[in-house]
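[1] make a model of this:
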Amino acid sequence: MPTSTASTDKKLVILKPLVWNAGGYLGPAGSRSVGGFVSEYGYGHEEWNGDPEREWNGFRIFHTETKGQMEGFGQDGRLGMIMTAYQPKVGPVALGVATSVQENSHQEMSKIAKALLIHADGERIWALPSVQKKFGTRAKFDTHWDSQFETIRWRAPVDAYVWFNQPIPIEPERIFPSGDPARPRRDIAKRHGGYMAIRPDQALAIIRGTLPAGHPVLAWLKAPEFDLSLVNPKIRKAKAPKKSSGSAAPASEPYVRWLREQEIAVTPRHHDLQSRFKAYIIKRSTKLAENRRGVDLQYVCPSRGLVLVEVKPCEKATARFAIRTALGQLLDYRQSVGGPPRLMIVLEVAPAEERDIQLALTNGVGIAWPKGKGFDLRWPVEP
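    Numbering: from 1, shown residues only. This is a model prediction of the structure:
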């Protein structure tokens, strides 16, 4: 893999454009792009960047295109990036942030792809009409995918990677004041193959309010020192960011706290809960599969057929947030699996309020939590 060496031992933080994905970046969504990889092949490797299951050896793994100095700073964790896109009818938005980013070697990419069964994602990619149109035949696509499925450019410590609940609108004139009221700044970098180097205070102005005080991402951005030589002079010399108008940073503090503490910091709890439910259900089902195509568990219930299970460690106070996220993931899994599978959310504790249980049940999804030596399973009432 070609690399470039940064000229200093300082850090770099950038805005990194991604293709827009209307499905929350949990898998390919038939995204469109003018030029670049997505335009040529109908999908992008970065379309999984919002999938919380993409963890390996204590790192969150993700992908973006790379260019120039990015690789040099990524050799030893001196790279930080705010991933951005242009959301239709909204404009530029921040999707997520990663710090202490490291570039994966070819050997590491191969190990990651094997551990996370990335090759199996080819089924979901081929199902996209945009991909079928590009390749024409499944054989041509398979040849392409065999050479591409190990492409996973980056990794970051799990507590240094945050994917936002909702995209955060970026106001260019607020973050990078032009100093000319008659000519306010209106744009940021758009090209997926490029990036936009910025000052750390500008990065903080974009994401401030979305992360709790003391978060590792904030600490990384506040600690010296940064290499500003790659920052465009107009951006480097821009005045300090203006105070937020209140429209940015819509993600709620409770949700981000849950995302950090539950999806990132409690991976062992996820494993323990999944193992416990697996041991419980294996006595009552057939054809059980684990961690296939991103689904925590799949099993065949004699009375209900195929069931897809999403496991969510949580506290009583965060159960509703866990249910909300699990609903979206299960709907995505159901679409990719095809057919009419039943859906089930497994929580670590019983929700504190009945309305939280009903959030799952009224949407046609079962819900369960540990009870005694087993589980309390609730299914929607059959019509």
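[2] now do the SS call for Asp272.
    helix (DSSP: H, G, I helix; E, B strand; the rest coil).
[3] got a list of what the closest residue to Leu230 other than its chain neighbours touches?
    Of all residues not flanking Leu230 in the chain, Ala197 sits nearest, at 4.2 Å (CB to CB, 6 or more residues apart in numbering). (C-beta placed from N, C-alpha, C; glycine too.) Going by CB atoms under 8 Å, 6 or more residues apart in numbering, Ala197 touches 12-14, 228, 230-232, 235.
[4] secondary structure element holding the nearest residue to Leu361 once chain neighbours are set aside?
    With CB to CB, 6+ apart as the criterion, Leu361 has its nearest non-adjacent residue at 4.8 Å, and that residue is Pro380. Assigned by DSSP states H and E, Pro380 belongs to no helix or strand.
[5] going forward can the numbers begin at 402, since that is how I track them
    Sure, I'll start counting at 402 from here, so that last one is Pro781.
[6] counting neighbours, what do you get for Pro781?
    The number of residues packed near Pro781 is 16, by other CB atoms under 10 Å.
[7] Gly767 is in contact with that one, correct?
    Yes: assessed by CB atoms under 8 Å, Pro781 is found in contact with Gly767 at 6.8 Å.
[8] show me where the stretch 402-551 of the chain has helices.
    Assigned by DSSP state H, counting those that start in this stretch, the helices in the stretch 402-551 of the chain fall at 437-442, 471-475, 507-516, 523-527, 530-536, 539-547.
[9] what does the third one contact?
    Meaning helix 507-516. The set of residues external to helix 507-516 that reach it, using CB under 8 Å, 6+ apart, is 402, 457, 462, 505, 519-520, 550-554, 556.
[10] and it, what's buried?
    By 16 or more other CB atoms under 10 Å, the buried positions in helix 507-516 come out as 509-510, 513-514.
[11] let me see the mean pLDDT of it.
    In this model, helix 507-516 has a mean pLDDT of 96.
[12] and that helix, C-alpha only, in CSV?
    Output in CSV follows, covering the C-alpha atoms of helix 507-516 (Å, rounded to 0.1, in the frame of the first residue of the first chain):
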residue,chain,number,x,y,z
HIS,A,507,-3.2,-5.2,3.7
GLN,A,508,-2.7,-7.9,6.3
GLU,A,509,-5.0,-6.2,8.8
MET,A,510,-7.7,-5.6,6.2
SER,A,511,-7.6,-9.3,5.4
LYS,A,512,-8.0,-10.3,9.0
ILE,A,513,-10.8,-7.8,9.6
ALA,A,514,-12.7,-9.1,6.5
LYS,A,515,-12.4,-12.7,7.7
ALA,A,516,-13.4,-12.0,11.3
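[13] chain center to it, what's the gap?
    19 Å (CA atoms, centre = their mean, to the nearest Å).
[14] how about stretch 410-429?
    9 Å.
[15] counting by contacts, list what the strand ranked longest in the chain packs against.
    Ranked by residue count under DSSP state E, the longest strand found in the chain is strand 492-504. Applying 3 or more CB pairs under 8 Å, 6 or more residues apart in numbering; DSSP states H and E, we find strand 492-504 packed against strand 460-463, helix 471-475, strand 480-488, strand 555-558, strand 562-570, helix 601-608, helix 617-623.
[16] of all those, which one is nearest Ser704?
    strand 562-570 (35.7 Å; CB to CB).
[17] so which bits of the helix or strand following the closest one are buried?
    As assigned by DSSP H and E, the chain's next helix or strand after strand 562-570 is helix 573-576. Going by neighbour count (16+ other CB under 10 Å), the buried part of helix 573-576 is 574-576.
[18] about what we covered before: what's the most distant pair in the contacts of helix 507-516?
    Met402 and His520 (20.1 Å).
[19] quick one: which of those two has more around it?
    His520 (14 against 10).
[20] can you tell me the closest non-neighbouring residue to that one?
    Using CB to CB, 6+ apart, the closest residue to His520 is Phe550 (4.8 Å).
[21] who's in contact with the one you found?
    Contacts of Phe550 by CB under 8 Å, 6+ apart are 514, 519-520, 522-523.
[22] again, only using 7 Å
    514, 519-520, 523 (CB atoms under 7 Å, 6 or more residues apart in numbering).
[23] kind regards, and thank you for your time.
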